[in-house]
Each structure stands twice: as structure tokens, then as C-alpha cells.
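# below are the sequence and a predicted model for it; my questions follow.
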Amino acid sequence: MTIEIDRLNFTEPWPAKSFSYELSTNYSICLVAVDDCDVVLGEIVVWVIVDEAHIATIAVHPDHQKKGIASALLAEALIQAMERGASASLLEVRPSNTAALKLYQRFGYETVGVRKEYYQDNKEDALLLNLYELNIEKLRNISLSKSV
């Protein structure tokens, strides 16, 4: 189901083998949000590299967007990253992805750079966002208030 969610959300979805690989590493945090019937509603993969949490991918099924699922996933993944030693976070995002930008801005991410022609499908640039300091209390409050 995570593969389907990725395909519904991205013009360049991750290959199925990428998700399988992430589940086998010790530096990846892979979470899914499910409903009461165990239907996958959203997913996130975060890489913890030294003291940084790199948001590799996050997506919510289109039928379940704008319900706080992405916020809950991001908050919980960052909490788990902090438990593994992360103190900051970074990610790349398309400037055209306004919903994602709003999410990241609510968490306190700031634009710190541009990666030129980052996306292969249309050569769109990527904004490089950084969250300089992870705050466990803030993240716990978001995670609890947005539980799926």
C-alpha cells in the first residue's frame, strides 16, 4: 500500500525495492499511519545520519489528506530520530508543493538553499529546508494532538 500511496502522490515514486531496502537498514525510520481496519493511510521514511534526520519521503493517500496524518507521521518520526541522536532535520521539497511547504513551515523548517534541477521528471529545482533544533516537547504535543 505504501507503494500505491507514493504513486498517487509523486511523479517520481520510489521503486518497491527501495521501501524493502529501507526496512532492512539500521539508519532508517519507516512508519505508516493506519485506520481502524489496518488500511494504510500514509507513510514516512526518515534517514538518521549522525545527528540529522533527513526526511526521505512522506505521503498520505489523497482520500485522507488534510486530516493531520502527515503532521502526526512527521512528529513521530522526528521523535524517534531524536531518540537515535538526531538534533536537527533537513529535507528537499518541490517549490510547487505548497501543501508540503505549509506542513514543514508549521514545524519550523526554514529554506536554506536550492538544489538546481533536482527532480528528474521536469528538472524542477528543490528547496532545501532545515529545522535547526528538534524540540521533543513540541513534537510530542503535535504527535498526541494529531494521532490517527
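Perfect, thanks for sending it.

# tell me where the chain has helices.
According to DSSP state H, the chain carries its helices in the segments 2-9, 16-24, 69-83, 98-107, 136-145.

# please identify the deepest-packed of those helices.
When neighbours are counted by mean count of other CB atoms under 10 Å, the highest per-stretch mean among the helices of the chain falls to helix 69-83, a mean of 22. Every residue, glycine included, has its C-beta placed from N, CA and C.

# which residue sits closest to Val50, ignoring its sequence neighbours?
Residue nearest to Val50 in three dimensions, not counting chain neighbours: Gly85, with 7.6 Å by CB to CB, 6 or more residues apart in numbering.

# just the pLDDT at the one you found, thanks.
Predicted confidence (pLDDT) at Gly85: the value is 96.

# tell me, how many residues neighbour it?
Counted with other CB atoms under 10 Å, the burial measure for Gly85 works out to 11 neighbours.

# that one and Ala53, how far apart?
Distance from Gly85 to Ala53, counting by CB to CB, to the nearest Å: 10 Å.

# repeat for Lys17
The span separating Lys17 from Ala53 equals 23 Å under the rule CB to CB.

# try Gly108
Applying CB to CB, the value for Gly108 to Ala53 is 13 Å.

# picking that back up, which one of the helices of the chain lies nearest to Ser89?
Across the helices of the chain, the minimum distance to Ser89, taken as CB to CB, is reached by helix 69-83, at 6.1 Å.
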